[in-house]
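[1] Quick one: sequence plus predicted model below, questions after.
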2 protein chains.
Amino acid sequence: MDAVTYSDPFTPEECEAVYRCIFERRDIRAQILPDRIPDDVLARILRAGHHAPSVGFMQPWDFVLVRDHGVRERIHAAFCRADEEAALMFVGERAKAYRNLKLEGILEAPLGICVTCDRSRNGPVVLGRTHQPDMDLYSAVCAVQNLWLAARAEGVGIGWVSIVARDDLRAALGIPEEIEVIAYLCAGYVSGFPTRPDLEQRRWLDRMPLRDVVHLDRWQGRELNEELARQLE
Amino acid sequence: MDAVTYSDPFTPEECEAVYRCIFERRDIRAQILPDRIPDDVLARILRAGHHAPSVGFMQPWDFVLVRDHGVRERIHAAFCRADEEAALMFVGERAKAYRNLKLEGILEAPLGICVTCDRSRNGPVVLGRTHQPDMDLYSAVCAVQNLWLAARAEGVGIGWVSIVARDDLRAALGIPEEIEVIAYLCAGYVSGFPTRPDLEQRRWLDRMPLRDVVHLDRWQGRELNEELARQLE
C-alpha cells in the first residue's frame, strides 16, 4: 500500500513559485505570439489539466485542440456575432468602453483548446454527484484552472473566450449534444504578461478588498479575530 | 500605464514547484490534524482564491469560514443523511465498497470553508456572461481550485464535501436564497498527503490515459502528430 506519503513540506521557494503563478496568471487577449507551442510543453499543460480533482474520480473532461485555421475562423465569426449582441446590452459610457476592449485572441493564438464535460462518463451514479448534480461540470472547470496555471508557469498565455454561444462551438467542433462545452481557451506564447487584469487596469471594475468577502461561522458573520482581519488587509 | 510586464520567465525550479503542487494536491478526508491554521497562512490561502479569474472581473465569490463546532455538527448531520441516501443508489459490490470509503472530515478538520457565488454582484449585465450564463459559477469554482493549490503548498489539506444538500448548507450558515453555494471544503494540516487519489488507490476507478481525452480540430479527431501522441503517453 502506498496510501500516504510523508513527502517533504514545500520549501519557501517552492511556496513562493506557486503563489507567483497564482498571482501572475492573466486572462490573455493581446500580446500573443504566433510561435507554435512545443509538443512537450503542451503535453505538460494538458497533463496538469488531467490531474484536476474530479467528483468520484470520474475525470469527465476532454480537450479538443484547435489548430486548423478554418475552424478557428468559424469560432471567431461566432464570437463576433455574440460580441455584437453583447455590446447592445450595455448603455452609455459602459457601451462605449465595452466596444474599446479587446476580448479574445482566437485568430492570433496558434492554438485553441476546447474543454468539455462528458456527464455520462463512469456513470450513471457518480460518487459525490448524487446530491450536487453539477459537480461534474465543476470538475471540468478545475481542469481549466489547473491547465491555466501550468501554462502560466511555462510562459504560455491563456484567454477564456466566453462571449460565444456554446452551440456555435459545438457546431464548429462537431461536439455531440450530450457533451457539455465548458470553455474555449486561446493559448499561445506572449510578449509579456500584464501586471494586472485588463478590466482592473481599465477601471471597468476595481478589485474588491479581500476582507469584504470573508465571513465567520455564518453569512455576514464579521467577528474575525484581529490578527486574521489584519492579514486580510 | 503599467499594462504589461516583461517579467522573467519562470525558472525550471519554479516550474517544477508549480507542477509538484498540481500533481501532489489531494482531496483529503483522513490524516487530518486538529492544529489551528495560523492567520497568516489562512489569509494567504484565501488571497489565492480571491485572485482566481472571474468573468467580467465580477469576483462573485465569498468565503464563509466555519470554526464553530455546533455549526460543523449540523453540517456533519446533513452529510450523514445524504450519505445514507447515496449508499442506496449503488448496488452489490459497489454498495459495499461505497460504505467502506471515508468521504469527509467535517468534524476532524479545524476549519470549514464554504465558497459561494453572488450572481447579482456587479451586474445585472456582466461582461462575458451574456452568452454563457453559468460563467459566474465557474469563476467561483476557479477560486476553489486556486485556494486548494495554495493550501497544498502550505501543507494544508483540503477536502471538497459534495455529499450534502446545498439547502442544508444554506440553512446551517444562514446563506440567503439568492446566493449560490458552490463548495463546502474541510481544511486542516495533515499527517501526510496520499501519493494517489483515494478512489484510484482503492480501484474505485482507474486514471484514464491522457491520450484518450485529447482530440484534434474536431470531436474524436485523433490525428495528433507523432511527437505529441508520444508526449501524452
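    Right, received. Where do you want to start? Residues are numbered from 1 along each chain as shown, chains lettered A, B, ... in the order given.
[2] Might one say that residue A:211 is in contact with residue A:233?
    Yes: counting by Cβ atoms under 8 Å, residue A:211 does reach residue A:233; the two are 6.4 Å apart. Every C-beta, even on glycine, is put in place using the N, C-alpha and C of the backbone.
[3] More neighbours: these two, which one.
    Each of residue A:211 and residue A:233 has its neighbours counted (other Cβ atoms under 10 Å in any protein chain shown); residue A:211 has more, 16 against 8.
[4] sec struct for the more buried one, please.
    When classified by DSSP: H, G, I helix; E, B strand; the rest coil, residue A:211 comes out as helix.
[5] Model confidence at the residue nearest to it when sequence neighbours are not counted, what's the number?
    Spatial nearest neighbour of residue A:211, excluding adjacent residues (Cβ to Cβ, 6 or more residues apart in numbering or on different chains): residue A:232 at 4.5 Å. We have a pLDDT of 98 for residue A:232.
[6] Identify the residue spatially nearest to residue A:183, adjacent ones excluded.
    residue A:115 (4.5 Å).
[7] so how far is chain B from residue A:114?
    Plainly put, residue A:114 is 9 Å away from chain B if you go by Cβ to the nearest Cβ, to the nearest Å.
[8] Can you read off the backbone torsions of that residue?
    Backbone geometry at residue A:114, expressed as degrees, to the nearest 10, gives phi -100, psi 120.
[9] Residue A:205 - that's part of a helix, no?
    No: with three-state DSSP as the criterion, residue A:205 is assigned coil and is not in a helix.
[10] Neighbours of it, how many?
    Look at residue A:205: counted by other Cβ under 10 Å, it has 18 neighbours.
[11] ok so, going back, so where does the residue nearest to residue A:183 fall, helix or strand?
    Here residue A:115, judged by DSSP states H and E, is contained in strand A:111-118.
[12] right, and the helix or strand after that strand?
    Downstream of strand A:111-118 (by DSSP H and E), the next one is helix A:135-153.
[13] so the helix or strand that that next one is followed by versus strand A:111-118, what angle?
    Next along the chain after helix A:135-153, taking DSSP H and E as the criterion, comes strand A:156-160. If you take axes from the mean of the first three to the mean of the last three Cα atoms, to 10 degrees, strand A:156-160 sits at 50 degrees to strand A:111-118.
[14] Let me know the angle separating strand A:156-160 from helix B:135-154.
    Using the same axes, to 10 degrees: strand A:156-160 against helix B:135-154 is 150 degrees.
[15] And strand A:156-160, how far out from the chain middle?
    Distance of strand A:156-160 from its chain centroid, counting by Cα atoms, centre = their mean, to the nearest Å, is 8 Å.
[16] and it, what does it pack onto?
    Counting contacts by 3 or more Cβ pairs under 8 Å, 6 or more residues apart in numbering or on different chains; DSSP states H and E, strand A:156-160 is packed against helix A:135-153, strand A:179-189.
[17] nearest to residue A:74, of those?
    In terms of Cβ to Cβ, the element of the helices and strands packed on strand A:156-160 nearest to residue A:74 is strand A:179-189, at 11.7 Å.
[18] Of the helices and strands packed on strand A:156-160, which stretch is the most buried?
    Neighbour counts (mean count of other Cβ atoms under 10 Å in any protein chain shown) averaged over each of the helices and strands packed on strand A:156-160 peak at helix A:135-153, with a mean of 27.
[19] What average pLDDT does it get?
    Mean per-residue pLDDT for helix A:135-153: 98.
[20] Just confirm yes or no for that helix near chain B.
    Yes: using Cβ under 8 Å from any Cβ of the partner chain, helix A:135-153 reaches chain B at A:135, A:137-138, A:141-142, A:144-146, A:148-150, A:152-153.
[21] now, which of the residues you listed sits nearest residue B:122?
    Distances from residue B:122 to these, taken by Cβ to Cβ, are shortest for residue A:141, at 19.9 Å.
[22] The residue nearest to residue A:155 when sequence neighbours are not counted: how many residues sit nearby?
    In space, residue A:155 comes closest to residue B:9 once its chain neighbours are excluded; the distance is 5.1 Å by Cβ to Cβ, 6+ apart. By other Cβ under 10 Å, 11 other residues sit near residue B:9.
[23] do the same with residue A:114
    26.
[24] Same check on the one 5 residues further on?
    The tally of other residues near residue A:119 (other Cβ under 10 Å) stands at 19.
[25] Surely it touches residue A:182?
    No: with contacts counted by Cβ under 8 Å, residue A:119 stays clear of residue A:182, the gap being 11.0 Å.
[26] surely residue A:82 meets residue A:165?
    Yes: the pair residue A:82 / residue A:165 is scored as a contact, 5.9 Å apart, by Cβ under 8 Å.
[27] okay, and the common contacts of those two?
    residue B:131 (Cβ atoms under 8 Å, 6 or more residues apart in numbering or on different chains).
[28] Please identify which of the two sits among more neighbours.
    Per other Cβ under 10 Å, whichever of residue A:82 and residue A:165 has more neighbours is residue A:82, with 20 against 16.
[29] helices or strands up against the helix or strand encompassing that one?
    Using DSSP H and E, residue A:82 maps to helix A:69-87. Helices and strands touching helix A:69-87, by 3+ Cβ pairs under 8 Å, 6+ apart, are helix A:92-99, strand A:111-118, helix A:166-173.
[30] Tabulate these in TSV, adding columns for mean pLDDT.
    Listed next are those as TSV, based on pLDDT from 0 to 100:
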stretch	mean pLDDT
helix A:92-99	94
strand A:111-118	98
helix A:166-173	98
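[31] tell me the most buried of these?
    Among these, highest average neighbours (mean count of other Cβ under 10 Å) belong to strand A:111-118, with a mean of 23.
[32] need the contact list for residue A:173.
    So residue A:173 contacts A:64, A:66, A:71, A:114, B:217, B:218, B:219 (Cβ under 8 Å, 6+ apart).
[33] Closest one of the residues you listed to residue B:56?
    For the contacts of residue A:173, the nearest to residue B:56 is residue A:114 (21.1 Å; Cβ to Cβ).
[34] so where does the residue nearest to that closest one when sequence neighbours are not counted fall, helix or strand?
    Residue nearest to residue A:114 in three dimensions, not counting chain neighbours: residue A:64, with 4.1 Å by Cβ to Cβ, 6+ apart. For residue A:64, the host element (DSSP H and E) is strand A:61-66.
[35] Also residue A:228?
    Taking DSSP H and E as the definition, residue A:228 sits inside helix A:226-231.
[36] what about the closest residue to residue A:176 other than its chain neighbours, which SS state?
    Nearest non-adjacent residue to residue A:176, counting by Cβ to Cβ, 6+ apart: residue B:219, 6.6 Å away. Secondary structure for residue B:219, judged by three-state DSSP, is coil.
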